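# Build me a structure from this.
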Amino acid sequence: MTHTNPVRASSGADELAPDSGEVRRDGLYRKIALRVMPLLVICYIVSFIDRTNIGIAQVGLERDLGFSAAVYGLGVGLFFVGFILFEVPSNALLQRIGARATMTRIMVSWGAVTIATMFVWDETSFYVMRFLLGVTEAGFFPGALFYLAQWFPSARRTRMTATFFIGVPISGIIGSAVSGAIMSSFTGVGGLADWQWLFLIEGIPPILLAAAVWFCLADRPADAKWLTDDEKAIVEGDLAADDARKRGTDEDAEGHDGLFAALRDPRVLILGLCACGAYTLANAVSFWTPRIINNAGVDNVLNLGLFSAIPPLAGIIVMQIVGRHSDRTLERRWHAAGSWFVASAGLVALSFVTNNPQMVVILLAVVAAAHYSGLTVFYSIPSIYLSGRGTATGIALVTTMGSFAAALSPALLGFIQEHTGSLSLGLQISAALVVIAGAVLLVGIPAHALKEKR
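The predicted model follows:
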C-alpha cells in the first residue's frame with residue numbers, strides 16, 4: 001500500500017518536505033491575517049467606541065438632561081435588550097447572505113443610530129436610542145467570531161481571537177481620550193452641546209467603514225481572489241480536518257442547525273452561563289470605568305477620558321501574553337477561569353478604595369487586564385467545543401445568554417449607586433457572579449472536550 005504524505009497532499013506541492021510545508025502554512029495564515037484582521041479590528045474598535053462612548057457622554061447628559069445613575073444604568077442595559085432580541089436572527093441571516101453583506105448592513109445602521117442619539121431630549125428618547133443601537137449592532141460580534149472560524153483552524157484561532165479582541169482595549173484608549181477631547185473642545189459650537197457633537201462625530205466612521213468591508217472582505221477562502229488554488233486547498237483541508245477531529249470526539253457528531261436544537265444542547269447552556277459572568281465583568285470595565293474614576297474625584301472631562309484610557313492599555317499587553325500562552329499550551333479552561341478569578345479579586349479590592357483616584361486606576365487596570373485576557377480565551381472555546389452546522393447558531397445563543405446579564409447588571413449597579421451612594425456593593429455582587437462563571441467553566445466543560453492538535 002502506498003502512503004501519501006499528508007502535508008504534501010494538502011499543500012499540492014509534492015516536492016515539499018513536512019518542515020517546509022509547515023513553514024508554508026505559517027506564511028499562508030500570516031498572509032490571511034494581514035489581509036482580514038486589520039479591517040476587522042478597526043471595525044470592532046469603532047463598534048465598541050459607539051457602544052461605550054455613553055460613559056463619557058453621561059457627564060453632559062447628567063448636566064443638561066438631569067440623567068441619574070439609575071437612568072444611565074438602564075440605558076446601558078437596554079442596549080443589550082436589543083442584542084438579546086436580534087442577535088440570533090442576525091446570525092441566522094449571516095449564514096444565508098454571508099459575512100460581508102451582514103457586516104455592511106450592521107455598520108451602516110449602527111452608525112445612523114449613533115448619529116441620531118444626538119437628538120435625545122428626555123429619558124424615554126434616550127432609552128429608545130440605546131435599544132435601537134443594540135438592535136442594529138446585534139450580530140456583529142458573534143458574526144466576526146464565526147467569520148474567523150471560516151478562515152483559521154482552532155489551533156491558530158485563539159491568537160486571531162486575541163488580535164480581534166485587541167480592538168476592545170484599543171477602543172477604550174482611543175475612545176476615552178477622543179471622546180473626552182471632543183466634549184472639551186466642541187462645547188457650544190454651532191449651538192450643539194458637547195455630548196451632541198460626540199455622537200455626531202463618532203457615528204460617521206462606521207458608515208464609511210461599511211464600504212471597505214463590502215469591497216475588501218471575502219466570505220470564505222474559496223471566494224478570495226487573492227489566494228491561489230493551492231492556498232485555498234490548504235486552508236479548506238485544514239478546516240475540514242479540524243472539524244473532523246471535533247466530530248470524532250463529539251457525542252453529537254451531527255451537530256445542530258437550529259435555535260431549538262441549540263437550546264437543548266447542554267454544551268451551549270454551559271457556555272451561556274459562563275458568558276453571563278464574562279458580560280457582567282465586561283460591563284463593569286467598559287461602561288462604569290469613567291463613572292468610577294469620576295466618583296473617585298476626577299471631575300475634568302478631559303482628564304476623565306485620559307485616566308479612563310489607562311486600564312485598557314494594560315489590557316492590550318496582558319491579553320496578548322495570555323492568548324499566546326494559551327495557544328502554545330493548547331489550554332483554554334484555566335486561562336479563562338483564572339483570569340476571571342483575578343478580575344473578581346480586583347473588583348472586591350476596588351469596592352474598598354473608591355475614593356482614592358490613584359488606587360482606583362491601578363485596580364481598574366488589573367481588572368481590565370484580567371477581563372480582556374479571560375474574554376479572549378473564552379471566546380475561542382465555543383468554536384472548539386461546538387461543531388457541525390450549528391456552530392454559528394450556538395455562538396450567537398451563547399452571546400445572547402451573556403447579553404441577559406449584560407442587560408441586567410448595569411441597571412443593578414445604577415440602582416445600587418443611587419440608593420446607597422456608592423458602587424461598592426454592586427462591584428462585590430459582580431465579583432461573585434464572575435467567580436461562579438469561572439467555576440461553571442472548570443466544572444461544566446471537561447478538559448478532554450477541548451483537546452486540540454497543532
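# quick one: what helix or strand has residue 218 in it?
Taking DSSP states H and E as the definition, residue 218 sits outside all helices and strands.
# Tell me which residues touch the closest residue to it other than its chain neighbours, please.
The shortest distance from residue 218 to any residue other than its chain neighbours is 4.2 Å, reached at residue 224 (C-beta to C-beta, 6 or more residues apart in numbering). All C-beta atoms are positioned from the backbone trio N, CA, C, and that covers glycine. By C-beta atoms under 8 Å, 6 or more residues apart in numbering, the contact list for residue 224 reads 35, 218, 232.
# Same check on residue 80?
Applying C-beta under 8 Å, 6+ apart to residue 80 gives the contacts 134, 279, 403, 404, 406, 407.
# I'd guessed the fourth one sits against residue 84; true?
Yes: proximity of residue 404 to residue 84 meets the contact threshold set by C-beta atoms under 8 Å, at 6.2 Å.
# returning to that earlier point: quick one: which of the contacts of residue 224 has the lowest pLDDT value?
Least confident by pLDDT among the contacts of residue 224: that is residue 218, with 85.
# Count residues in the vicinity of that one, would you?
The criterion is other C-beta atoms under 10 Å. On that basis, residue 218 has 18 neighbouring residues.
# now swap in residue 85 and tell me
As a burial measure, residue 85 scores 16 neighbours (other C-beta under 10 Å).
# Let me see the confidence value for the closest residue to residue 211 other than its chain neighbours.
Counting by C-beta to C-beta, 6+ apart, residue 211 lies nearest to residue 104, which is 7.9 Å off, once chain neighbours are set aside. Per-residue confidence (pLDDT) for residue 104: 89.
# List the residues that contact residue 104.
By C-beta under 8 Å, 6+ apart, the contact set of residue 104 is 210, 211, 213, 214.
# same thing but at 6 Å, please
210, 213, 214 (C-beta atoms under 6 Å, 6 or more residues apart in numbering).
# Next, format the contacts of residue 80 as CSV and append pLDDT.
CSV is the format used below for the contacts of residue 80 (pLDDT from 0 to 100):
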residue, pLDDT
134, 89
279, 87
403, 76
404, 80
406, 74
407, 76
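# and of those, the nearest to residue 433?
Taking C-beta to C-beta as the measure, residue 433 lies nearest residue 279 of the contacts of residue 80, at 9.6 Å.
# And for the closest one, the neighbour number?
Summarising burial for residue 279: neighbours were counted as other C-beta under 10 Å, giving 27.
# what do you get for the one 3 residues further on?
Residue crowding around residue 282 was assessed by other C-beta under 10 Å; the count is 22.
# How is it classified with respect to secondary structure?
Assigned with DSSP: H, G, I helix; E, B strand; the rest coil, residue 282 falls in the helix class.
# mind showing which ranges of the stretch 51-200 of the chain have poor pLDDT?
88, 158 (pLDDT under 70).
# and with 90 instead?
51-63, 66-104, 134, 137-191 (pLDDT under 90).
# Do you know the pLDDT at residue 16?
The model reports residue 16 with a pLDDT of 41.
# typed the wrong thing, it's residue 438
Residue 438 carries a pLDDT value of 93.
# Now do it against residue 379, distance only.
Distance, residue 438 to residue 379, by C-beta to C-beta, to the nearest Å: 15 Å.
# And for residue 227?
According to C-beta to C-beta, residue 227 and residue 379 sit 26 Å apart.
# do the same with residue 281
Using C-beta to C-beta, we find residue 281 at a distance of 13 Å from residue 379.
# what do these two both touch?
Contacts common to residue 281 and residue 379, judged by C-beta under 6 Å, 6+ apart, are absent.
# Could you pull out the strands in the stretch 1-150 of the chain for me?
In the stretch 1-150 of the chain, no strands are defined using DSSP state E, counting those that start in this stretch.
# quick one: the helices in it?
Counting by DSSP state H, counting those that start in this stretch, one finds helices in the stretch 1-150 of the chain at the ranges 6-11, 18-52, 54-65, 69-97, 99-116, 123-137, 140-149.
# how about the ones you listed, which one is nearest residue 310?
Comparison of the helices of the stretch 1-150 of the chain against residue 310 by C-beta to C-beta identifies helix 54-65 as nearest, at 14.3 Å.
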